[in-house]
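Student: Could you look at this predicted model? Sequence included:
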Amino acid sequence: MANVFVEPEPKGRPEGSAITHYVLEYAHGVRVTNDNYQTQAGAISAAKNLGHQPLIARVRNTNKGNPDHWRSV
């Protein structure tokens, strides 16, 4: 079971701006699916259905190389 990251989009948004959707990405930045998920729960469910372990962001601006930015669901 591979770890996948539930990434809020758009990336690099300024503080206070809205998250428009979520995507699933592998550690090297390639998307798992081409789908945009309207909710974080929807992205988590899709990741689990695909047999992956989803990791969700703990901070607004994420870095996949920093484990403090992520938590397992």
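Tutor: Noted; the coordinates are in hand. Predicted model, so just to flag it, every value in this text is computed and none were measured.

Student: What ranges does the protein have for its strands?
Tutor: 3-9, 21-25, 53-57, 70-72 (DSSP state E).

Student: a markdown table for those strands, including distance to residue 41?
Tutor: C-beta here means a position set from N, CA and C on the backbone, and glycine is covered the same way. Shown next, in a markdown table, are these (distance: least, Cβ to Cβ, whole Å):
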| stretch | distance to residue 41 |
| --- | --- |
| strand 3-9 | 10 |
| strand 21-25 | 9 |
| strand 53-57 | 10 |
| strand 70-72 | 15 |
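
Student: quick one: which of the ones you listed is nearest residue 45?
Tutor: The minimum distance between residue 45 and the strands of the chain falls on strand 53-57, with 8.8 Å, by Cβ to Cβ.

Student: name the helices or strands packed onto the closest one?
Tutor: Strand 53-57 sits against strand 3-9, helix 40-49, strand 70-72, with contacts defined as 3 or more Cβ pairs under 8 Å, 6 or more residues apart in numbering; DSSP states H and E.
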